[in-house]
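# Attaching a predicted model along with its sequence, questions to come.
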Amino acid sequence: MEQKRERLSSRLGFILLSVGCAVGLGNVWRFPYVAGQNGGAAFVLIYLFFLVIFGIPIMVMELSVGRASQKSVATSFNALEPKGSKWHRFRYLAMGGNYLLMMFYTTIGGWMLQYLFKIIFGQFEGADAGQIETIFTEMQQSPGASVLWMAVATLLGFGACWFGLQKGVEKVTKVMMSSLFVIMLVLAVRALTLDGAMEGLRFYLQPDFSHMQQRGLWNVIADAMGQAFFTLSIGVGSMAIFGSYIGKDRSLTGEAINITALDTLVALIAGLIIFPACSAFGVDVGSGPKLVFVTLPNIFNSMAGGRVWGALFFLFMSFAALTTIIAVFENIVSFGLDLFHWSRKKSVCINIIVVIALSLPCALGFSLLSGVQPFGMGSTILDLEDFIVSNNLLPIGSMIFLLFCTRKSGWGWDHFIEEANQGKGRKFPKWARVYVSYILPLLALLIFIQGYVEKFFA
């Protein structure tokens with residue numbers, strides 16, 4: 001017997017849960033160093049432009065499919081497609097995308113939790129830059145610690161799902177997201193009051209297009225388009241699930257704008273923390289992924305009260321990782337509910353075992369499985385899993401959502417626009433039909449191709 005669909009208790013819960021899914025390490029880890037590599041403020045402007053023209057329309061479509069079907073992506077296309085069509089086969093790609101994302105995200109979430117404890121217990125105090133890099137390398141290369149902390153991140157995420165949608169997922173996410181914003185604002189104020197912070201702030205907020213010329217205009221545009229696309233977690237139904245948990249009293253375009261605005265605010269505040277801090281201590285903000293794990297702990301060591309500020313920073317990073325993990329786990333749990341009509345607790349228990357097992361290759365990819373180098377010397381299993389999700393499943397999935405919502409052979413434009421525009425609030429513009437039907441799928445295809453160009457031909 002099919003269970004009655006659960007509901008979120010409030011509109012705020014829906015927005016914060018959706019933002020929690022979108023807000024992740026792409027906002028607070030990837031965004032600052034990509035912006036730093038591409039000229040700061042000039043890149044941010046281009047990024048914001050693509051966020052509006054690219055991210056919001058696809059998010060509206062995901063939310064519309066979820067709300068109209070009242071299902072997760074495991075069965076939503078079955079409910080909406082014309083009889084005899086094959087759109088429902090996309091579920092295998094989408095479900096696989098959610099599992100694949102968690103196969104490496106739980107490992108990175110575990111790293112954040114490890115760093116939080118290392119800073120709290122003073123393991124970085126007195127360490128120079130070389131010693132901090134050694135701590136990071138040893139952490140990655142310890143199979144026991146990597147698996148343990150990956151499992152802790154997994155259990156924390158599924159633990160929230162265990163207690164239900166309202167009492168677990170929604171309540172925990174509200175607390176984490178509210179705390180995340182408060183911690184970020186405190187850290188931003190501290191960073192801006194450091195000596196020498198203003199130069200970093202100018203680089204971040206005052207466009208200087210000469211930086212773009214050095215990097216190459218197309219490279220900057222491609223990075224901005226990619227960042228805008230990946231930051232919202234669109235394309236594999238991660239957002240559609242939250243559409244299935246809300247009523248029809250609000251139009252979905254306005255909700256997608258709110259989610260995107262809050263997601264972007266987190267990324268921008270992260271920049272207000274990292275650019276001034278790096279400027280104050282003469283550090284290259286474009287130093288890549290090690291910025292968070294090596295560069296920033298070195299900065300905290302140099303600050304008065306650095307242990308406190310470092311603990312706050314990695315608490316905020318842990319919350320950013322865990323809100324995404326909880327949101328995607330909720331999607332994964334719902335697969336069991338929708339496909340097999342399991343109870344929530346049965347789906348949680350089974351998926352804890354599945355996700356931990358699937359996450360082992362990435363967790364061990366820097367130690368016992370370091371010999372697996374899919375993209376050549378120095379590459380890891382994490383790189384492969386990230387590439388499959390970010391450069392393949394997300395753009396392909398976005399194209400499928402776009403085509404499904406605009407083609408007569410799919411759900412169709414009329415059904416989509418009716419669902420998207422139900423309720424109060426901003427409406428999806430009907431004049432955008434040609435844009436989302438033809439231009440936007442081509443842009444998604446361009447991002448897909450660009451991912452391969454950068455990976456194999458750059």
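Structure received.
# what does stretch 399-412 contact?
Residues outside stretch 399-412 that contact it (CB atoms under 8 Å, 6 or more residues apart in numbering) are 57-58, 61-62, 64-65, 68, 77, 80-82, 85, 87, 90, 93, 234-235, 413, 416, 433, 436-437, 440-441, 444-445, 448. In this view, the C-beta of every residue, glycine as well, is placed from N, C-alpha and C.
# Just the CA atoms of that stretch, as PDB, please.
What follows is stretch 399-412, C-alpha atoms only, in PDB (Å, rounded to 0.1, in the frame of the first residue of the first chain):
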ATOM      1  CA  MET A 399      19.100  18.700 -20.900                       C
ATOM      2  CA  ILE A 400      16.600  15.900 -20.200                       C
ATOM      3  CA  PHE A 401      14.600  18.100 -17.700                       C
ATOM      4  CA  LEU A 402      14.500  20.900 -20.300                       C
ATOM      5  CA  LEU A 403      13.400  18.700 -23.100                       C
ATOM      6  CA  PHE A 404      10.800  16.800 -21.000                       C
ATOM      7  CA  CYS A 405       9.200  20.000 -19.800                       C
ATOM      8  CA  THR A 406       9.100  21.700 -23.300                       C
ATOM      9  CA  ARG A 407       8.400  18.800 -25.800                       C
ATOM     10  CA  LYS A 408       5.000  17.400 -26.700                       C
ATOM     11  CA  SER A 409       6.500  14.000 -26.600                       C
ATOM     12  CA  GLY A 410       7.300  14.600 -23.000                       C
ATOM     13  CA  TRP A 411       5.400  16.300 -20.200                       C
ATOM     14  CA  GLY A 412       5.100  19.400 -22.500                       C
END
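# and that stretch, which residues are buried?
Buried residues in stretch 399-412, counted by 16 or more other CB atoms under 10 Å: Met399, Ile400, Phe401, Leu402, Leu403, Phe404, Cys405, Thr406, Gly410, Trp411, Gly412.
# residues in contact with Leu165?
Leu165 neighbours (CB under 8 Å, 6+ apart): Glu6, Arg7, Leu8, Tyr245, Glu330.
# Those: which two are farthest apart?
Spatially, the most separated pair among those is Arg7 and Glu330, at 13.4 Å (CB to CB).
# which of these two has more neighbours?
Glu330 (28 against 15; other CB atoms under 10 Å).
# thinking again about what came up before, buried among the contacts of stretch 399-412? Need that as a selection in PyMOL.
Selection of buried members from those for PyMOL, criterion 16+ other CB under 10 Å:
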select buried, resi 57+58+61+62+64+65+68+77+80+81+87+90+93+234+235+413+416+436+440+441+444+448
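# out of the contacts of stretch 399-412, which are inside helices?
Residues of the contacts of stretch 399-412 located in helices (DSSP state H): 57-58, 61-62, 64-65, 68, 77, 80, 90, 93, 413, 416, 433, 440-441, 444-445, 448.
# Report the separation between Phe335 and Ala145.
Taking CB to CB, to the nearest Å as the measure, Phe335 falls 30 Å from Ala145.
# more crowded one of these two?
Higher neighbour count among Phe335 and Ala145: Phe335, with 24 against 17, using other CB under 10 Å.
# element containing that one?
helix 306-340 (DSSP states H and E).
# okay, the contacts of Leu165 in JSON lines with pLDDT next?
Below are those laid out as JSON lines (pLDDT from 0 to 100):
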{"residue": "Glu6", "pLDDT": "89"}
{"residue": "Arg7", "pLDDT": "91"}
{"residue": "Leu8", "pLDDT": "93"}
{"residue": "Tyr245", "pLDDT": "95"}
{"residue": "Glu330", "pLDDT": "97"}
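# got the contact list for the residue lying closest to Cys405 once chain neighbours are set aside?
Spatial nearest neighbour of Cys405, chain neighbours left out: Phe416 (4.1 Å); criterion: CB to CB, 6 or more residues apart in numbering. Phe416 sits next to Met61, Ser64, Cys405, Thr406 when contact means CB under 8 Å, 6+ apart.
# Which one of those is nearest to Asp195?
Proximity of the contacts of Phe416 to Asp195 (CB to CB) peaks at Met61, which lies at 47.8 Å.
# tell me what the worst-scoring helix or strand of the chain on mean pLDDT is packed against?
The helix or strand of the chain with the poorest confidence is helix 25; it has a mean of 75 (mean pLDDT, DSSP states H and E). Secondary-structure packing of helix 25 (3 or more CB pairs under 8 Å, 6 or more residues apart in numbering; DSSP states H and E): helix 90-120, helix 306-340.
# you'd agree Leu337 is up against Arg344?
Yes: assessed by CB atoms under 8 Å, Leu337 is found in contact with Arg344 at 6.6 Å.
# Surely Phe124 touches Thr134?
No: in this structure, Phe124 is not within contact of Thr134 by CB under 8 Å, at 11.2 Å.
# ok, the two, which is more surrounded?
The neighbour comparison of Phe124 against Thr134 (other CB under 10 Å) goes to Phe124, with 19 against 13.
# for the nearest residue to the more buried one once chain neighbours are set aside, what are its contacts?
Excluding its sequence neighbours, the residue lying closest to Phe124 (CB to CB, 6+ apart) is Pro297, at 5.0 Å. Neighbouring residues of Pro297 by CB under 8 Å, 6+ apart: Tyr115, Ile119, Phe124, Ala127, Ile132, Gly310.
# Let's verify the fifth one: helix, strand, or coil?
Of the three states, Ile132 takes helix according to DSSP: H, G, I helix; E, B strand; the rest coil.
# No further queries at this time; thank you.
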